[in-house]
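> Just the structure for this:
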Amino acid sequence: MAKQALSRYVDPELLNRIADRVFEPRDLVLGSLAGSHRSPLAGFAVEFAGHREYVPGDDPKHIDWRVFFNRDKYFVKQYALETNLVCHLVVDVSASMQYGSTNQQKLHYACQLATLLSYLIVRQSDQVSLCLLDDQLREFLPPSNSPAQLVRATQCLQEITPVEKTDLSGPLNDLAARIGRQEIVVIMSDFFTDLEALEDAVGRLRYARHEVVLFHLLHADELQFNLRGSTRFVGLETDDELRVEPQDIRNAYLQALWKFQRTLEDIAQRHRCEWIQVNTQKSIAEVLVDYLQQRSIGREQRRRH
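Below is the predicted model:
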């Protein structure tokens, strides 16, 4: 049943491309179930994490006698608990996400990406939630690691009717109030929103020690603006219309786009978030495999240091 739901957005060949991939947290996570990811909580199980000085009430069997003989003080061994990760997939369903056709439409691309990540996360017995927003929090599926979550998620995605404007800050603050701490929040959007307010919302998520990933989805037309001939531009989130020769405004447009991208990238850097620029013309399998590979490399490098 889960695979039937997946087929609405993802073909089997695409699943095969990511079959050997895993989605791991960049840092320590707090989950509610036992799992394979390191937790910041210290206990007496699973993996050695270090020592702390003995205090009355500690179980003597955890005393490291080798350290005692060297330092003439009692120290107990500490171990890192392992837990599951909780990942919240946030999809911008505002009207501007409708730009593009077929598989290159920004919203369709975001739905594919959310479906693939849901599949990976549930397959590794971790929990995933789905959040749909525009200027409000439209839908929130609580975290689950059940295969049935894939069915629920794809049903929600299929029922989307984008009509509203983008205003991510309010809904993200609502989401922050609903979820725990030290989880993962993956946001898929074109980020045509108030970036100053967005930074405040991202800062709140980071204050709660969530890992934040920003997938910045733009269509090739928006990235390159290689349009020819007199063109009528119609606002997807406003009633504005403009007829113009695209080449007359291309340089000014690209300069404004560059400034917009740098502002978003700066927000990500200030708050230690991942920012991934995605051209929806690019194969989603290629984008996801490359991202997961880079994420895994970065995780290994941090472990060594």
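> Name the residues of stretch 100-116 that are buried.
Applying a neighbour-count criterion of 16 or more other Cβ atoms under 10 Å, one finds 100, 104-116 buried in stretch 100-116. For glycine as for every other residue, the C-beta is placed from the backbone atoms N, C-alpha and C.
> Got phi/psi on residue 272?
When read as degrees, to the nearest 10, the backbone of residue 272 gives phi 50, psi 50.
> so it makes contact with residue 206?
Yes: checked against Cβ atoms under 8 Å, the pair residue 272 and residue 206 is within contact range at 7.0 Å.
> Compare the two and say which is more crowded by neighbours.
Ranked by neighbour count (other Cβ atoms under 10 Å), residue 272 and residue 206 place residue 206 first, with 16 against 11.
> wait, which of the buried residues of stretch 100-116 is closest to residue 69?
residue 116 (53.6 Å; Cβ to Cβ).
> Start and end of stretch 129-146, how far apart?
11 Å (Cα to Cα, to the nearest Å).
> how far is it from where the chain is centred?
Between the centre of stretch 129-146 and the centre of its chain there are 13 Å (Cα atoms, centre = their mean, to the nearest Å).
> Could you tell me which other helices and strands the strand or helix carrying residue 173 packs against?
Using DSSP states H and E, residue 173 sits in helix 169-178. The helices and strands touching helix 169-178, judged by 3 or more Cβ pairs under 8 Å, 6 or more residues apart in numbering; DSSP states H and E, are strand 86-92, strand 127-133, strand 137-144, helix 195-207.
> Mind checking those for the one nearest to residue 25?
Closest among the helices and strands packed on helix 169-178, using Cβ to Cβ: strand 86-92, at 8.5 Å.
> With residue 190 as the reference, measure out to residue 238.
Separation of residue 238 from residue 190 (Cβ to Cβ, to the nearest Å) stands at 15 Å.
> got the CA coordinates for stretch 253-268 in CSV?
The C-alpha atoms that make up stretch 253-268 are tabulated as CSV, following Å, rounded to 0.1, in the frame of the first residue of the first chain:
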residue,chain,number,x,y,z
TYR,A,253,16.1,41.1,-12.8
LEU,A,254,19.2,38.9,-12.4
GLN,A,255,20.8,41.5,-10.2
ALA,A,256,17.7,41.5,-7.9
LEU,A,257,17.7,37.7,-7.9
TRP,A,258,21.4,37.5,-7.0
LYS,A,259,20.7,39.9,-4.0
PHE,A,260,17.8,37.7,-3.0
GLN,A,261,19.8,34.5,-3.1
ARG,A,262,22.7,36.1,-1.1
THR,A,263,20.4,37.3,1.6
LEU,A,264,18.9,33.9,2.0
GLU,A,265,22.3,32.3,2.0
ASP,A,266,23.5,34.8,4.6
ILE,A,267,20.5,33.9,6.8
ALA,A,268,21.5,30.2,6.5
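> Now tell me what touches that stretch from outside.
191, 195, 198-199, 202, 214, 216, 222-223, 225, 273-275, 277 (Cβ atoms under 8 Å, 6 or more residues apart in numbering).
> Show me which of the residues you listed is closest to residue 89.
Using Cβ to Cβ, residue 214 comes nearest to residue 89 of these, at 12.6 Å.
> need the next SSE after the host helix or strand of the closest one, C-terminal direction.
According to DSSP H and E, residue 214 maps onto strand 211-218. Using DSSP H and E, the helix or strand that follows strand 211-218 in sequence is helix 220-224.
> Can you list the buried residues in that following helix?
For helix 220-224, by 16+ other Cβ under 10 Å, it's 222-223.
> mind saving the C-alpha coords of that helix as CSV?
What follows is helix 220-224 as a C-alpha-only set of coordinates in CSV (Å, rounded to 0.1, in the frame of the first residue of the first chain):
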residue,chain,number,x,y,z
ALA,A,220,14.9,27.6,-14.7
ASP,A,221,12.9,30.6,-16.0
GLU,A,222,13.3,32.3,-12.6
LEU,A,223,17.0,31.5,-12.5
GLN,A,224,18.0,32.4,-16.0
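> just checking, what packs against the very next helix or strand once past it?
Next helix or strand after helix 220-224 toward the C-terminus (DSSP H and E): strand 231-234. Counting contacts by 3+ Cβ pairs under 8 Å, 6+ apart, strand 231-234 packs against strand 241-244.
> so for the next helix or strand after the strand it packs on, what's the average pLDDT?
Downstream of strand 241-244, the first helix or strand assigned by DSSP H and E is helix 246-270. Average pLDDT, helix 246-270: 97.
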